[in-house]
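Trainee: Need the 3D shape of this:
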Amino acid sequence: HILHGNHEIMNVSLDFRYVTPGGFVDFEPLENQANEKLGKLPPAISETIKGLPEFMRSRAWSLRPGGPFSNRISKNQLAIVIGENVFVHGGLRPTHLAEPG
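Mentor: Numbering: from 1, shown residues only. Coordinates of the predicted model:
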């Protein structure tokens with residue numbers, strides 16, 4: 001089972017504070033594709049990505065909301081219940097466990 005953690009959410013929000021240099025290098029093969037398709041994005045997203053340092057742009061393009069990598073990881077769960085156990089990354093607050101209504 002694969003669960004989302006806070007860093008996945010940060011990356012989709014284009015917050016790369018904890019990305020290692022190698023984490024940017026991993027996305028370099030997508031640079032041409034990102035540059036070609038950047039202009040086809042909504043202006044707010046396109047301008048945000050263009051405003052990032054060049055070495056971050058391929059990662060940002062791929063992980064932006066609706067991007068190819070963010071779509072792939074969107075299938076991961078935030079929590080999973082196996083038997084009587086709940087597995088999460090980081091924890092749950094009481095409000096997460098409240099009954100609806």
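Trainee: C-alpha only now, for contacts and for neighbours.
Mentor: OK.
Trainee: who touches the residue most central in space within the chain in this structure?
Mentor: Central residue check for the chain by C-alpha atoms, centre = their mean: the C-alpha nearest the mean position is that of residue 12, 2.7 Å away. Contact partners of residue 12, counting by C-alpha atoms under 8 Å, 6 or more residues apart in numbering, are 60, 63-65, 70.
Trainee: Would you agree residue 60 is in contact with residue 49?
Mentor: Yes. Using C-alpha atoms under 8 Å, residue 60 and residue 49 qualify as a contacting pair, with a distance of 6.4 Å.
Trainee: All the strands of this protein, in order from the start?
Mentor: For the chain, the strands defined by DSSP state E cover 79-82, 85-88.
Trainee: now those strands in CSV, with mean neighbour count?
Mentor: Shown next, in CSV, are the strands of the chain (neighbours: other C-alpha atoms under 10 Å):
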stretch, mean neighbour count
strand 79-82, 12
strand 85-88, 12
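Trainee: would TSV of the ones you listed with distance to residue 53 and mean pLDDT be doable?
Mentor: Formatted as TSV, the strands of the chain follow (distance: least, C-alpha to C-alpha, whole Å; pLDDT from 0 to 100):
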stretch	distance to residue 53	mean pLDDT
strand 79-82	34	90
strand 85-88	33	89
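Trainee: how about those strands in TSV, adding distance to residue 96?
Mentor: Output for the strands of the chain, formatted as TSV (distance: least, C-alpha to C-alpha, whole Å):
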stretch	distance to residue 96
strand 79-82	11
strand 85-88	12
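Trainee: quick revisit: who's more crowded, residue 60 and residue 49?
Mentor: Regarding residue 60 and residue 49, a neighbour count based on other C-alpha atoms under 10 Å identifies residue 60 as having more, with 28 against 20.
Trainee: If you drop the residues flanking it in sequence, what lies closest to the more buried one?
Mentor: residue 14 (5.9 Å; C-alpha to C-alpha, 6 or more residues apart in numbering).
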